[in-house]
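structure, please.
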Amino acid sequence: MIIMITITKIGNGTTNPSGTVYPEEGIDTIIVGTPASGYRVKEINVEFNGESYKYPLYTEIRDFDYDYDTTVEFVFEAGEQQTFGITVTSNAYGVIAPVGNKTVNYGGSCLFEFTPNQ
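Next up is the predicted model:
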């Protein structure tokens, strides 16, 4: 039976659950890592019984050996910046400014002014 699972993280993100948990044998324990905006899970490091394991690019881990204390570490790293393209046009009913193609970073904003025709 696992005595405890200690959950830590490096970088910008959260884990659920976090800290130290005491799972019950026979009940599936799932630990999920959620990266902050602009980040990703680089890897999950698991240590038990003197052994270390790395799980690259996973976002959750489950199925623990219930005979040993276990340490789970999520490593978050900056990911590629997501960008979105916006094509701005107007019609006979009014104008919008600025017109043209705009690129906005994930989490960013872009201001437009709408003026209807009278």
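
quick one: the helices in the chain?
Applying DSSP state H to the chain gives no helices.

closest to the centroid, which residue in it?
Centroid-nearest residue in the chain: Pro35, 2.3 Å away (criterion: Cα atoms, centre = their mean).

tell me how far that residue lies from Asp63.
Distance of Pro35 to Asp63, given as Cβ to Cβ, to the nearest Å: 22 Å. In short, each C-beta sits where N, CA and C put it, glycine included.

Tyr22 contacts Met4, correct?
Yes. The pair Tyr22 and Met4 passes the contact test of Cβ atoms under 8 Å, sitting 5.4 Å apart.

look at these two and report which has more neighbours.
Neighbour tally, Tyr22 and Met4, criterion other Cβ atoms under 10 Å: the higher count belongs to Met4, 14 against 10.

for Phe112, see how far away that one is.
53 Å.

what does stretch 110-118 contact?
Ile86, Val88, Ala92, Tyr93, Gly94, Val95, Ile96, Ala97, Pro98, Lys102, Val104 (Cβ atoms under 8 Å, 6 or more residues apart in numbering).

try 6 Å this time
Residues outside stretch 110-118 that contact it (Cβ atoms under 6 Å, 6 or more residues apart in numbering) are Tyr93, Gly94, Val95, Ile96, Ala97, Lys102, Val104.

fine, thanks again, bye for now.
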